[in-house]
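**Student:** Predicted structure and sequence below. I'll ask about it afterward.
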Amino acid sequence: MTPTEFTSWQSRMGWSHVQTARAIYGVRNDAVRRFGNGCQTIPRHVELICLMIEAARDGAGSLAAARLEAAAKARIERAGRHCTKGGDRKSKKFREAA
């Protein structure tokens, strides 16, 4: 998420820096200002929280919901590739036990 996208999201929500910081748990007011003016990179978890807030507000058919779903699918795919490296024996044992 770019600073422009962040400030655009914030204005779509109609929130001040203080309100945005309260909505994104664990983020302080000054961090919200730095995200908006580009002095601090926006962490991935903050971007996902923004998408979740907007998707919850706008509903399942929104652009934010689609972006959030794409991010979740990419994360699952990366996790799946990571888990298959050297983990085949454990998965087979698990499947046999079940």
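**Tutor:** Arrived safely, thanks for sending.
**Student:** Quick check: buried residues in the helix or strand harbouring I53?
**Tutor:** Assigned by DSSP states H and E, I53 belongs to helix 44-58. Neighbour-count burial for helix 44-58, counted by 16 or more other CB atoms under 10 Å, picks out 46-51, 53-55. For the C-beta atoms, the positions are set from N, CA and C on the backbone; glycine is no exception.
**Student:** Which parts of this protein are helices?
**Tutor:** 3-13, 17-23, 29-37, 44-58, 63-84, 88-97 (DSSP state H).
**Student:** In JSON lines: those helices, plus mean pLDDT.
**Tutor:** JSON lines is the format used below for the helices of the chain (pLDDT from 0 to 100):
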{"stretch": "helix 3-13", "mean pLDDT": "93"}
{"stretch": "helix 17-23", "mean pLDDT": "91"}
{"stretch": "helix 29-37", "mean pLDDT": "94"}
{"stretch": "helix 44-58", "mean pLDDT": "86"}
{"stretch": "helix 63-84", "mean pLDDT": "71"}
{"stretch": "helix 88-97", "mean pLDDT": "55"}
